[in-house]
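In: Give me coordinates for this.
(one chain, ligands or ions: 2)
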Amino acid sequence: MTQSPARIKIAIQKSGRLTELCLELLQQCGLKYSRGRDQLIGFGENMPVDFLLVRDDDIPGLVKDDVCDLGICGMNVLEEKRLEYAAAGDDAPFKMLQPLDFGHCRLAFAYPEDGDLQAITDIDGQTIATSYPLIVEDYLKRNQLNGQVIEFSGAVEIAPNLGRAELICDLVSTGGTLAANRLVEGETILESRACLVQTPIDIPAEKTEWVNRLVERIAGVQQVRGSKYIMMHAPRSALAAIHELLPGAESPTVLPLDEVNDKVAVHVVCRENVFWETLEDLKRKGASSILVLPIEKMLA
Ligand code: PRT
Ligand code: ZN
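Out: Ligands and ions are numbered 1, 2, ... in the order given. This is a model prediction of the structure:
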């Protein structure tokens with residue numbers, strides 16, 4: 001009798017900005033799943049992969065403690081937890097595997113529009129409201145700045161209006177929330193996006209195959225986003241110039257064309273998006289019949 005493989009667990013955000021994007025990523029990795037009645041666990045139907053739906057702040061701890069083999073959450077949350085665990089003596093609570101191309105934001109200082117404070121160098125003795133006290137304290141220490149940090153668990157942007165702080169340090173993506181609260185964005189202290197993390201504990205042999213397969217598929221999905229497959233006809237003499245024009249292109253495949261000696265077919269994968277201007281430049285170099293196709297899957 002063959003043994004079924006051990007199931008692997010991945011922690012993702014239950015309900016928030018990253019939830020749909022994480023589920024979409026898992027689906028693109030080929031996972032078909034059903035949700036439990038309590039909606040806290042998704043069971044993989046075609047792969048031995050289940051996911052736990054939890055608050056994003058709990059994800060680093062679940063991965064650190066090996067309750068989950070993998071997790072996805074924002075680098076902002078990972079960095080705050082990393083500092084917390086480091087202070088308690090654990091310097092390697094999880095393995096950062098790969099940044100993902102969603103959840104982009106930045107952790108930045110912001111100052112009241114009509115106040116005197118305009119730069120972080122002016123903050124001597126001022127109070128900073130933030131949901132990321134350890135990251136901010138670490139930044140102040142590294143830059144020899146003297147500010148008092150107070151923790152806000154939400155609605156950080158209203159702290160100056162409430163008279164609780166002179167400035168804030170919060171996540172920003174469009175900047176709309178800061179503007180609506182009459183705050184001006186200042187120095188960025190962390191550029192963040194979602195990230196795939198793995199438990200620091202060695203993955204047991206019966207799980208390695210599927211952990212590796214899932215990690216490889218996630219890398220593949222990341223690679224194809226924005227990548228394009230380009231086909232064209234071109235004079236052999238223009239190949240070098242054409243290669244130079246294509247953003248992030250790997251070595252092209254060059255194929256002879258029947259009964260045409262000076263022209264070849266060129267097929268190439270571009271790791272970046274290809275704009276109309278590039279196609280026009282390719283045409284000027286002598287390329288014709290240019291086709292740009294989306295890529296569905298890629299395995300390095
Ligand atoms: O309930 P749970 O604890 O799981 O969720 P949460 O409320 O802590 O997190 P959630 O869903 O708001 O965000 C999850 C993750 O998304 C964050 O940890 C970041 O990694 C990432 N992310 C990306 C953001 C933003 N963009 C973002 N703009 N997280 C929060 N914001 C907030 C920000 O705090 C501010 O209130 O959006 C507002 C600013 O947005 P703009 O567009 O007005 O600048
Ligand atoms: Zn949270």
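In: Which residue, other than its chain neighbours, is closest to the residue nearest the centre of the chain?
Out: Nearest residue to the geometric centre of the chain (Cα atoms, centre = their mean): Leu100, 2.7 Å. Nearest residue to Leu100, sequence neighbours excluded (Cβ to Cβ, 6 or more residues apart in numbering): Ala194, at 4.3 Å. For the C-beta atoms, the positions are set from N, CA and C on the backbone; glycine is no exception.
In: hmm, back to that, pLDDT value on the residue nearest to the centre of the chain, please?
Out: Residue-level confidence at Leu100 comes out at 97, pLDDT.
In: same question, Pro5
Out: pLDDT, read off for Pro5, is 68.
In: List the buried residues of the longest helix anywhere in the chain.
Out: Determined from DSSP state H, the single longest helix within the chain is helix 205-224. For helix 205-224, a neighbour-count test (16 or more other Cβ atoms under 10 Å) marks 207, 210-211, 213-215, 217-224 as buried.
In: In the stretch 201-300 of the chain, what residue spans correspond to helices?
Out: For the stretch 201-300 of the chain, applying DSSP state H, counting those that start in this stretch gives helices covering 205-224, 239-245, 276-284.
In: hmm, back to that, and the residue nearest to Leu100, how far is that from ligand 1?
Out: Counting by Cβ to the nearest ligand atom, to the nearest Å, the separation of Ala194 from ligand 1 is 7 Å.
In: same deal with Glu166?
Out: Taking Cβ to the nearest ligand atom, one finds Glu166 at 19 Å from ligand 1.
In: ok, now which ones touch that residue?
Out: Shown in contact with Glu166 (Cβ atoms under 8 Å, 6 or more residues apart in numbering): 112, 115, 117, 123, 126-128, 160.
In: Distance from the longest helix of the chain to the middle of the chain?
Out: A distance of 16 Å separates the centroid of the chain from that of helix 205-224, by Cα atoms, centre = their mean, to the nearest Å.
In: Going by neighbour count, which residues of the worst-scoring helix or strand of the chain on mean pLDDT are buried?
Out: Of all helical and strand segments in the chain, the minimum by mean pLDDT, DSSP states H and E falls on strand 260-270, at a mean of 89. By neighbour count on 16+ other Cβ under 10 Å, the buried set for strand 260-270 is 263-266, 268-270.
In: Point out the residues in this protein that sit beside ligand 1.
Out: Contact residues (Cβ under 6 Å from any ligand atom) of the chain with ligand 1: 13, 16-18, 55-57, 74, 76-77, 103, 105, 170-177, 192.
In: when you check those residues against the strands, which ones overlap?
Out: Cross-referencing these against strands under DSSP state E gives 13, 74, 105, 170-172, 192.
In: from those residues, which is closest to Gln148?
Out: Asp170 (16.5 Å; Cβ to Cβ).
In: Enumerate every residue touching the residue nearest to that closest one when sequence neighbours are not counted.
Out: For Asp170, ignoring the flanking residues on the chain, the nearest one in space by Cβ to Cβ, 6+ apart is Val156 at 4.4 Å. Val156 makes contact with 129-131, 168-170 under the criterion Cβ under 8 Å, 6+ apart.
In: Dihedrals phi and psi, Val156?
Out: The phi and psi values for Val156, taken as degrees, to the nearest 10, are phi -60, psi -30.
In: Could you check the pLDDT of the residue in the stretch 201-300 of the chain that ligand 2 sits nearest to?
Out: Closest contact between the stretch 201-300 of the chain and ligand 2, by Cβ to the ion, is at Ile218 (22.0 Å). Here, the pLDDT recorded for Ile218 equals 96.
In: same thing with the one 10 residues further on?
Out: For Lys228, the pLDDT comes out at 91.
In: beta partners of it?
Out: Cys270, Pro294 (DSSP bridges).
In: returning to that earlier point: mind saving the C-alpha coords of the least confident helix or strand of the chain as CSV?
Out: Extracted C-alpha coordinates of strand 260-270, given in CSV (Å, rounded to 0.1, in the frame of the first residue of the first chain):
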residue,chain,number,x,y,z
VAL,A,260,14.2,33.0,-47.1
ASN,A,261,17.9,33.1,-46.4
ASP,A,262,18.5,36.5,-44.8
LYS,A,263,15.4,36.4,-42.5
VAL,A,264,14.9,34.3,-39.4
ALA,A,265,12.1,33.8,-36.9
VAL,A,266,13.0,35.0,-33.4
HIS,A,267,11.2,33.7,-30.3
VAL,A,268,12.1,35.2,-26.9
VAL,A,269,10.8,35.4,-23.4
CYS,A,270,10.9,39.0,-21.9
